[in-house]
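1. Following is a predicted model, sequence given first.
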Amino acid sequence: EGPVMGDAALTDGAVTVTLRLRGDSGVTSGSLELHYDSTLVYQDAQATPTLVDVHMGTPGVVSCAWTSQGAEEDPMRLTLTFTGAKNGTHSFDVKNIRVYDANYQAIAQEDVSIQLYVPCSGEDCPAAKFTDLNPQLWYHEAVDYVLANGIMEGMGNQKFAPNVGLTRGMLITMLYRYAGSPEVSGRPPFTDVKEGRYFYEAIVWADQNQLVNGFPDGTCKPDAAITREQMVTVLFRYVQYLDQDNGLRADLSAFSDAGQVGNYAVEPMQWAVANGVIQGVTDTKISPRGTATRAQTAAVLYRTLLGL
């Protein structure tokens, strides 16, 4: 992780992007560019260092340069405000970052990518076309996200079926869509995955990228209900596949049923709890072998994928 970090938030209809330095980074000067969705309208910027220059570059780019008397005492903190955000995922990419210490020695820094999902309001909601979705319920924002990004689809007849259970094949297909449905070749090693089924290419892709291992009897069981521990294991492997594992792990001992977590799923469950991907079904139970509905899965995917 480099010295420059960032996040985005939606407040009173406006998007704020905050860029800041780690307090112990040693950075005293630098410059960067923030590339943003051209549908947004840049309004202004506020910064904490004593010497800061912020100006518009080409359309969709804000450039910033700063100097500071000492990063630890006066860390760079730049907050940019945008309006005009529409429903959907907005990306902010911090590029051409050049940062230096007090001796003007360069400090390594990779590009930073920030994403913000802007929920819908009223009739523009992706969920509005489904007769069995209630915009007042807890799943609304997550379901809108997975629909807007093509991760999940309806079940036909204007139904989303939020309370229908999810299968293993369904989850793998959702991740495959999120990955852009890349072309695949070859055959999966599983005896119960036949060409022509909706999940066939997705399982070929997942197998080739070590996202699913199958069962000792040589099956994948794509039509079986997926358990909570199976779900987070596939998601954890996908995050690692993208090299996005932040290393956070939680102690599961607070859950009385932690001993029921399969050996293969212990670290994925620790990751999921630490990152808020899943929560206990109660304060003391994690229910690793419980199943998940489509609405619950939308929430888990929302929490996982939005941070990638």
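-> Thanks, I have the structure now. Residues are numbered from 1 along each chain as shown.
2. Can you give me every residue that contacts Arg237?
-> Listed by C-beta atoms under 8 Å, 6 or more residues apart in numbering, the contact set of Arg237 reads 210-211, 268. Where C-beta positions appear, they are placed from N, C-alpha and C, glycine not excepted.
3. for it, helix, strand, or coil?
-> For Arg237, the assignment made with DSSP: H, G, I helix; E, B strand; the rest coil gives helix.
4. returning to what we had before: of the contacts of Arg237, select the buried ones using a PyMOL command.
-> The buried residues among the contacts of Arg237 can be selected in PyMOL (16 or more other C-beta atoms under 10 Å) with this line:
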select buried, resi 211+268
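5. Dump the contacts of Arg237 to a markdown table, plus secondary structure and pLDDT.
-> Shown next, in a markdown table, are the contacts of Arg237 (DSSP: H, G, I helix; E, B strand; the rest coil; pLDDT from 0 to 100):
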| residue | secondary structure | pLDDT |
| --- | --- | --- |
| Gln210 | coil | 96 |
| Leu211 | coil | 97 |
| Pro268 | helix | 97 |
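6. Which single one of the contacts of Arg237 is nearest to Tyr36?
-> Leu211 (31.9 Å; C-beta to C-beta).
7. now the closest one: how far from Gly259?
-> 26 Å (C-beta to C-beta, to the nearest Å).
8. Could you work out the end-to-end span of stretch 7-19 for me?
-> Distance between the two ends of stretch 7-19: 7 Å, counting by C-alpha to C-alpha, to the nearest Å.
9. Just the buried residues of it, please?
-> Residues 8, 15-17, 19 are the ones in stretch 7-19 that count as buried (16+ other C-beta under 10 Å).
10. Ok, stretch 99-117 next?
-> Quick answer for stretch 99-117 (16+ other C-beta under 10 Å): 99-101, 107, 109, 112, 114, 116-117.
11. do stretch 150-165 as well
-> Buried residues in stretch 150-165, counted by 16+ other C-beta under 10 Å: 151-152, 154, 160-162.
12. now do stretch 242-259
-> Neighbour-count burial for stretch 242-259, counted by 16+ other C-beta under 10 Å, picks out 249, 252, 255, 257-258.
13. Can you show me the CA trace of that stretch as CSV?
-> The C-alpha coordinates for stretch 242-259 follow below in CSV (Å, rounded to 0.1, in the frame of the first residue of the first chain):
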residue,chain,number,x,y,z
LEU,A,242,-7.9,-10.5,-8.4
ASP,A,243,-5.0,-9.9,-5.9
GLN,A,244,-7.3,-7.9,-3.8
ASP,A,245,-7.1,-9.7,-0.5
ASN,A,246,-6.4,-7.0,2.2
GLY,A,247,-5.2,-9.6,4.8
LEU,A,248,-7.9,-8.8,7.3
ARG,A,249,-9.1,-11.8,9.4
ALA,A,250,-11.5,-12.1,12.2
ASP,A,251,-11.5,-14.4,15.3
LEU,A,252,-14.5,-16.7,14.9
SER,A,253,-14.5,-17.8,18.5
ALA,A,254,-17.3,-15.5,19.5
PHE,A,255,-19.7,-17.7,17.5
SER,A,256,-20.8,-20.8,19.3
ASP,A,257,-21.0,-22.8,16.0
ALA,A,258,-17.6,-21.8,14.7
GLY,A,259,-16.5,-25.4,15.2
